[in-house]
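1. Here is a sequence together with a model predicted from it:
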Amino acid sequence: MLFRLALLVLLVAAESIPVWSQRAPRPTVPSLIFDTDMGPDYDDVGAIALLHALADSGKVRILATVASTTYPRVGPVLSVFNTYFGRPNLPVGVPRDLPGQLPAIPDADKQHWSDTLVARYPHKLRSNAEAEEAVSLYRRVLAAQPDGSVTVVTVGFFTNLANLLRSGPDKHSKLSGRDLVARKVGRLVSMAGKFPTGREFNVFKDTKASQVVMANWPTPVLFSGFEIGEKIHTGLPLVRNPTIRNSPVQDVFRISIPLDKNDVNGRMSWDQTAVLVAVNGPAPYYTTQPGRMTVADDGSNGWDPAGTGHQRLIEALPVAVTEGKINELMQHQPRR
């Protein structure tokens, strides 16, 4: 039995190699920009907790946290999490809807947990006005990194990335946005789409931005689709852990889980899977399928298995295994 399990893990790892071999070899510790619609759903909270947990274990270097929504508390909320995990000076970006840019989505948290967080927990940013403009932050951070070294993870709308691609030279770089991405980014990992076909929130909510990114993003892209995170439920072990106190992550899940009858077993966990594979690679939890994601004018997506440049996750291990790992990481407590 142990031999069969070991063989399965080796096979999964071997099948996942092509995702990361399309560009230069991955750095020992990847550098990552996290782009999130922190608010409309609260799996983003689990995702940023995962990201900081992996950073605390030395597996990733966080370069910036960027919001793809503009409700008034989103900048301070990102600052709450960065401060809680001991990184109060991490850059935070928020869209400004500048002339020529695609407008950002203003959606907020329907459970109103953001009110609790900004009232209860320390944070450096007091308002969105104190955050950097999202595209300018992307350009500043990317320009300072080695070529091909940055992983971008987006678990929200594609608005910032579309505006980045359309941006022109500025004080940070003489390159166009697309050329800057092509030079500095190694890969994009995105929670987006439903495969092989569907209509998923992150894609259809800003269809135009999704189409711009699908047509113009110049690096390999790995998608964690709706069907991946839909089966994973997390948060209950975090809420029930008596050793965790004064945690904004725990507070969000404690407030939100009882408000939705669909969350009785925990919240579906789409965004956490994108962070997990962006840092650790797909194996052993997933293999990948190459192809190309397409976006129609109504925001629905398709998958062309004959296409190139994109890959999507395919389950390789039982969902319970992945669920257990995500629940474990979400309970990580900051170093004091």
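-> Sure, I can see it.
2. Gln333 is in contact with Asn246, isn't it?
-> No: assessed by Cβ atoms under 8 Å, Gln333 is found out of contact with Asn246, at 10.1 Å. The way it works is simple: take the backbone N, C-alpha and C, and place the C-beta from them, glycine included.
3. who has more neighbours, the two?
-> Neighbours per residue (other Cβ atoms under 10 Å) separate Gln333 from Asn246, with Gln333 holding more: 17 against 9.
4. Tell me the spacing between that one and Arg254.
-> 16 Å (Cβ to Cβ, to the nearest Å).
5. where along the stretch 201-336 of the chain do the strands fall?
-> Using DSSP state E, counting those that start in this stretch, the strands of the stretch 201-336 of the chain run over 221-224, 233-234, 267-268, 286-295, 301-304, 310-315.
6. can you pull out the helices in the stretch 201-336 of the chain?
-> 201-204, 207-216, 226-229, 236-240, 248-256, 270-280, 319-330 (DSSP state H, counting those that start in this stretch).
7. highest average neighbour count across those?
-> For these, the largest average neighbour count (mean count of other Cβ atoms under 10 Å) is found in helix 270-280, namely a mean of 26.
8. Tell me how far the nearest residue to Asp97 once chain neighbours are set aside lies from Gln145.
-> Nearest residue to Asp97, sequence neighbours excluded (Cβ to Cβ, 6 or more residues apart in numbering): Pro103, at 5.0 Å. Pro103 sits 28 Å away from Gln145, taking Cβ to Cβ as the criterion.
9. quick one on the thing from earlier: among the helices of the stretch 201-336 of the chain, which is nearest Ser300?
-> Smallest distance to Ser300 across those (Cβ to Cβ): 6.9 Å, for helix 201-204.
10. hmm, back to that, got the strands of the stretch 201-336 of the chain as CSV, with mean pLDDT columns?
-> Formatted as CSV, the strands of the stretch 201-336 of the chain follow (pLDDT from 0 to 100):
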stretch, mean pLDDT
strand 221-224, 98
strand 233-234, 98
strand 267-268, 96
strand 286-295, 98
strand 301-304, 98
strand 310-315, 98
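11. Let me have those strands in a markdown table, extended by distance to Ile326 and mean neighbour count.
-> Below are the strands of the stretch 201-336 of the chain laid out as a markdown table (distance: least, Cβ to Cβ, whole Å; neighbours: other Cβ atoms under 10 Å):
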| stretch | distance to Ile326 | mean neighbour count |
| --- | --- | --- |
| strand 221-224 | 12 | 25 |
| strand 233-234 | 5 | 24 |
| strand 267-268 | 11 | 22 |
| strand 286-295 | 13 | 20 |
| strand 301-304 | 24 | 18 |
| strand 310-315 | 14 | 22 |
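12. ok, Ala192 - contacts?
-> Thr154, Phe158, Glu200, Asn202, Val203, Ser210, Phe223, Ser224, Gly225, Met293, Asn301 (Cβ atoms under 8 Å, 6 or more residues apart in numbering).
13. from those, which single one is nearest Gly309?
-> Met293 (9.3 Å).
14. partner residues bridging the closest one?
-> Trp303 (DSSP bridges).
15. Name all residues that make contact with it.
-> 192-193, 195, 214, 221, 223, 301-304, 307, 310, 312.
16. can you do 10 Å?
-> 190, 192-193, 195-196, 203, 210, 213-214, 221, 223, 225, 301-304, 307, 309-312 (Cβ atoms under 10 Å, 6 or more residues apart in numbering).
17. now swap in Arg73 and tell me
-> 38-39, 79-80, 108-109, 112-115, 117-118, 123, 125, 127-128.
18. change it to 6 Å
-> Ser114, Val118 (Cβ atoms under 6 Å, 6 or more residues apart in numbering).
19. before we move on, what about the one 5 residues further on?
-> Contact partners of Leu78, counting by Cβ under 6 Å, 6+ apart, are Thr65, Val92.
20. does it count as helix, strand or coil?
-> Following DSSP: H, G, I helix; E, B strand; the rest coil, Leu78 is assigned to helix.
21. so how far is Asp271 from Ala104?
-> In terms of Cβ to Cβ, Ala104 sits 18 Å off from Asp271.
22. now for the strands of the stretch 201-336 of the chain, which one comes closest to Val275?
-> strand 221-224 (9.3 Å).
23. From the chain's centroid, how far away is that closest one?
-> Remark: strand 221-224 is offset 11 Å from the chain centroid, using Cα atoms, centre = their mean, to the nearest Å.
24. and if you look at stretch 95-114?
-> For stretch 95-114, the distance to the chain centre is 16 Å (Cα atoms, centre = their mean).
25. So, low pLDDT: which residues of the stretch 51-200 of the chain?
-> Along the stretch 51-200 of the chain, the model assigns pLDDT under 70 to no residue.
26. what about the strands in it?
-> 61-67, 92-94, 132-133, 150-154, 185-191.
27. next one: the shortest one to chain centre, how far?
-> Looking back up the chat, that one is strand 132-133. 19 Å.
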